[in-house]
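Chemist: pasting the sequence and the predicted coordinates here, then a few questions.
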Amino acid sequence: MRVVLTGGGGFIGSHLLARLVGAGMDVTMVGPHAGKSRYTASLIDAGDVRFVRCDGAFMWQGLRPALEDADALVLLGYVMPASSSPAERLADELRRNVAPLVRLLHAAQGAPRHVIFASSVSVYGAPAGVPLHESDAARPATAYGVAKLACEDALRFVAATWGWRSCILRYATGYGPGETVPRAIPNFIRAALTGQPPVVNGDGLDEHDYIHVADIVEATVAALRCGAEGVFNVGTGIGTRTIDVARLVLELTGSSPEMVHRAARVDPAGPIRIICDTEAARSQLGFVARRALAEGITEEIGWFRAALAGVAQPAFAVGA
C-alpha cells in the first residue's frame, strides 16, 4: 500500500509512522518540515520513508507528482495558530489548517483515493449528554473545533465529488510517551517530577476520554487496512475526571505535593463530560482500546523521567 502522510513528525504521527513502516507500507511524508521526532528523521535519513518538502500552505506545484501514485492519504498535519483573541484565532485556524487541506486534496485529484482525516471530539463542543455518538450534532465551542469540523465537511464534499472513500476519525484526548504539548497529563507529570504541585483548573470535575497513542495508532491502521468510510469516534468509552488524573499521577510518581486549584470560569450547565460511544469503531474497524490509563501514564512518566535526566531517546516508545 502506498500511503502519503502529513504530520508524520508529530506526537501521534511519529508513532503512526513507526507502525506503517513496520507493516511494510510504502510511505511518503509531505509538509514544510519533518517535525521534531528524531525517530522520524532517522527513517527519512535511512531512506525508509520519502520526504517531500513543500510550503505549509500546500501551494507548491510540484506536490501533485508526489501524490499521483498514492493509494491512501492519511492527514494528521496541524499548524498551531499564533493568534490569541477568539476572532483572530479562528481566522488563523481557517488560514493555516482548512485552506491548506483543501489545496492538498485538490493536488491529489485524479485516481480513486482513500483519505483518512484526523479529527477530534472537540467538534461536539459541550454535549448535553454522554456517551457521544457519531450521529450527535456537532456544536464546536472552540476555534480548533470549528476548524476540524470545516475540514471534515471539506473532505466529505471533495470525496463525494470525485468518488473517493473518506474516513473521519474523531480522536478523544490522546496521551503517551512523546507528548509535549501543555495538556493535563503532561503538565501534571512535569510538575510531579520536579516537586511542584499539579495545578487543576477549577474543581477538576470535568470528565474526558483519555486514549493512549498506541491505541490511536491501532485504530488508524485498522481504518486504513479495511478501507473504512464514514465517521468514527476513537476513544475508550471511559470518562476520567481531571482531579482523578492528577491524583493518579501523584500516586504513580510517588510525589507528595498537594494539588492546587486555580480559579476558572464556572459553567452554569455543570462539569463538561466528553466520553465516546465506541461501538462503530468496534463493529466496523474491529478496534477496541486496550491500554489502561494507569499503565499508559506509567509509560509516559518513564519517558519524562528520561527526558528530564537528559537521556537520549526517540520521541516515541510504543506502537512500532
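Modeler: The structure has been received and is ready for your questions. Numbering: from 1, shown residues only.
Chemist: quick one, strands of the stretch 51-200 of the chain?
Modeler: Taking DSSP state E, counting those that start in this stretch as the criterion, the stretch 51-200 of the chain contains strands spanning 72-75, 114-120, 165-171, 173-175, 199-201.
Chemist: can you name every helix or strand that the fourth one contacts?
Modeler: Under the contact criterion of 3 or more CB pairs under 8 Å, 6 or more residues apart in numbering; DSSP states H and E, strand 173-175 touches helix 184-193, strand 210-212, helix 213-225, helix 293-308. (Each C-beta comes from the backbone N, C-alpha and C, glycine too.)
Chemist: same question for the third one.
Modeler: For strand 165-171, the packing partners by 3+ CB pairs under 8 Å, 6+ apart come out as strand 114-120, helix 143-162, helix 213-225, strand 230-234.
Chemist: may I see the buried residues of the last one?
Modeler: Under the neighbour-count criterion of 16 or more other CB atoms under 10 Å, strand 230-234 has 231, 232, 233, 234 buried.
Chemist: dump those to a markdown table, plus distance to residue 76 and pLDDT.
Modeler: Supplementary listing: those in a markdown table, determined by distance: CB to CB, whole Å; pLDDT from 0 to 100:
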| residue | distance to residue 76 | pLDDT |
| --- | --- | --- |
| 231 | 17 | 98 |
| 232 | 15 | 98 |
| 233 | 17 | 98 |
| 234 | 12 | 98 |
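Chemist: where are the low-confidence patches of the stretch 151-300 of the chain?
Modeler: Along the stretch 151-300 of the chain, the parts satisfying pLDDT under 70 run over 266.
Chemist: name all residues that make contact with the nearest residue to residue 131 once chain neighbours are set aside.
Modeler: Residue nearest to residue 131 in three dimensions, not counting chain neighbours: residue 277, with 3.9 Å by CB to CB, 6 or more residues apart in numbering. Counting by CB atoms under 8 Å, 6 or more residues apart in numbering, residue 277 touches 131, 132, 133, 134, 233, 237.
Chemist: which of the helices and strands packed on strand 173-175 is buried the deepest?
Modeler: By mean neighbour count, with neighbours taken as mean count of other CB atoms under 10 Å, strand 210-212 ranks first of those at a mean of 26.
Chemist: contacts for it?
Modeler: Residues outside strand 210-212 that contact it (CB under 8 Å, 6+ apart) are 171-176, 185, 234-236, 238, 240, 245, 289, 291, 293, 296, 299, 318.
Chemist: next one: the nearest residue to residue 106 once chain neighbours are set aside from residue 113, what distance?
Modeler: Nearest residue to residue 106, sequence neighbours excluded (CB to CB, 6+ apart): residue 158, at 7.8 Å. Residue 158 sits 9 Å away from residue 113, going by CB to CB, to the nearest Å.
Chemist: do the same with residue 256
Modeler: Using CB to CB, one gets 54 Å for the distance from residue 256 to residue 113.
Chemist: try residue 177
Modeler: Distance, residue 177 to residue 113, by CB to CB: 32 Å.
Chemist: now do residue 82
Modeler: Residue 82 is 31 Å from residue 113, where distance means CB to CB.
Chemist: neighbours of residue 264, how many?
Modeler: Counted by other CB atoms under 10 Å, the residues lying close to residue 264 total 12.
Chemist: that one belongs to a helix?
Modeler: No: under the criterion used here (DSSP: H, G, I helix; E, B strand; the rest coil), residue 264 is coil, not part of a helix.
Chemist: contacts only, for it.
Modeler: With contacts defined as CB under 8 Å, 6+ apart, residue 264 is in contact with 201, 202.
Chemist: and for the helix or strand hosting residue 12, what's in contact with it?
Modeler: Applying DSSP states H and E as the criterion places residue 12 in helix 11-22. Here helix 11-22 makes contact (CB under 8 Å, 6+ apart) with 3, 5-8, 27, 29, 35, 37, 39-40, 43, 48-49, 74, 76-77, 118, 171, 174, 176, 178-181, 213-214, 216-218, 220-221, 314-316, 318-320.
Chemist: can you give me the buried ones in it?
Modeler: Within helix 11-22, the residues that count as buried by 16+ other CB under 10 Å are 11, 12, 13, 14, 15, 16, 17, 18, 19, 20, 21.
Chemist: same list (these) but as TSV, adding distance to residue 305.
Modeler: What follows is the buried residues of helix 11-22, written out as TSV (distance: CB to CB, whole Å):
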residue	distance to residue 305
11	18
12	22
13	24
14	20
15	19
16	25
17	24
18	21
19	25
20	28
21	27
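Chemist: pLDDT and distance to residue 153 added to the residues you listed, as CSV?
Modeler: Shown next, in CSV, are the buried residues of helix 11-22 (pLDDT from 0 to 100; distance: CB to CB, whole Å):
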residue, pLDDT, distance to residue 153
11, 94, 25
12, 96, 22
13, 95, 23
14, 94, 28
15, 95, 27
16, 96, 24
17, 95, 27
18, 92, 31
19, 95, 28
20, 96, 27
21, 95, 32
